[in-house]
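> Coordinates only, no sequence provided:
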């Protein structure tokens, strides 16, 4: 159980275009989903916390107008990178927390590799 | 395992040996800790967790030790196998808030 999927697994886009990444919890309902980005040989950096039905909370330094997050249901959150630039190229990972559980564990998706040319 | 610049610290061990990966955490209020394993091009995979009211927890071939006095966490892997080769991250959280990840340590297992 506790499977989180992401789509697409990788995407190449041209500078100036927008890209949408989906994060789904497949066998549980996620009250909260998290979006991270990871540069090569670095750790995961939290971008934003997404609660179903409410606005996402962004970490300091993350532009909310550039990284649009929508958490429309308990099983789906989307991250849209708007007007992407080469410096946005990164590995984007989502995670979800199971609302039934009292623990703090997050289940991670497989990640999405974004390359902006 | 704290990162130094863009270079992950690397631990190289012989297959069959035990591995110890260390992590210094930052928040004395953190009450829950997790070790994750991340293989290349994949998302983090849960290995083992521990709450702050414990100082040791054992899983299958893995043990996590927590020393709250010096804010130190370690992951011990017994009889390390080639499939254990990956980057390992510790993560901490306080009262169910966001996870804060450590810098990561790359484990390389030599056959």
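Good, I have the coordinates. Remember, predicted model here, so these are calculated numbers, not experimental data. Residues are numbered from 1 along each chain as shown, chains lettered A, B, ... in the order given.

> backbone phi and psi for the residue of chain A found nearest chain B, please?
Closest approach between chain A and chain B, counting by CB to the nearest CB: residue A:108, at 3.9 Å. From N, CA and C alone the C-beta is placed, and that goes for glycine too. The phi/psi pair for residue A:108 (degrees, to the nearest 10) reads phi -100, psi 150.

> contacting residues for it?
Residue A:108 is in contact with A:4, A:93-95, B:36, B:43-46, counting by CB atoms under 8 Å, 6 or more residues apart in numbering or on different chains.

> tell me the secondary structure for the residue of chain B found nearest chain A?
Chain A sits closest to residue B:43 of chain B, with a gap of 3.9 Å, by CB to the nearest CB. Three-state call for residue B:43 (DSSP: H, G, I helix; E, B strand; the rest coil): coil.

> low-confidence ranges in the chain?
With no chain named, the answer covers chain A. A:1, A:99, A:102-103 (pLDDT under 70).

> Chain B is the one I meant
Looking at chain B by pLDDT under 70, you get B:1-7, B:96.

> Quick check: residues of chain A near chain B?
A:4, A:6, A:34, A:40-46, A:49, A:91, A:93, A:95, A:103-111, A:113 (CB under 8 Å from any CB of the partner chain).

> Restricted to strands, list the residues you listed.
A:4, A:6, A:34, A:45-46, A:49, A:91, A:93, A:95, A:107-108, A:113 (DSSP state E).

> which among these end up buried?
Among these, those scoring as buried are A:4, A:6, A:34, A:45-46, A:49, A:91, A:93, A:95, A:107-108 (criterion: 16 or more other CB atoms under 10 Å in any protein chain shown).

> Kindly provide the distance from the residue sitting nearest the centre point of chain A to residue A:14.
Centroid-nearest residue in chain A: residue A:35, 3.5 Å away (criterion: CA atoms, centre = their mean). Residue A:35 sits at a distance of 23 Å from residue A:14 (criterion: CB to CB, to the nearest Å).

> ok, now residue A:106?
Distance of residue A:106 to residue A:14, given as CB to CB: 33 Å.

> re the thing from before, report the two of the ones in strands among the residues of chain A next to chain B separated the most.
A:49 and A:113 (22.4 Å; CB to CB).

> before we move on, the earlier item: so the residue of chain A closest to chain B bridges to which residues?
residue A:95 (DSSP bridges).

> same deal with the one 5 residues further on?
For residue A:113, the beta-bridge assignment (DSSP bridges) gives partners residue A:10, residue A:91.

> residues touching it, list them.
Counting by CB under 8 Å, 6+ apart, residue A:113 has contacts A:9-11, A:91, B:41.

> And the buried ones among the residues you listed, selectable in PyMOL?
Buried subset of the contacts of residue A:113, written as a PyMOL selection, criterion 16+ other CB under 10 Å:
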select buried, chain A and resi 11+91
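
> Number of residues surrounding the nearest residue to residue B:76 once chain neighbours are set aside?
Of all residues not flanking residue B:76 in the chain, residue B:63 sits nearest, at 4.4 Å (CB to CB, 6 or more residues apart in numbering or on different chains). As a burial measure, residue B:63 scores 17 neighbours (other CB atoms under 10 Å in any protein chain shown).

> Show the contacting residues for residue B:63.
Counting by CB under 8 Å, 6+ apart, the residues that residue B:63 touches are B:48, B:56-57, B:75-76, B:78.

> Now tell me what touches stretch B:33-50 from outside.
A:4, A:6, A:44, A:91, A:93, A:95, A:103, A:105, A:107-111, A:113, B:21, B:25, B:32, B:51-52, B:56-57, B:59, B:62-64, B:66, B:73, B:75, B:84, B:86-93, B:99, B:101, B:104.
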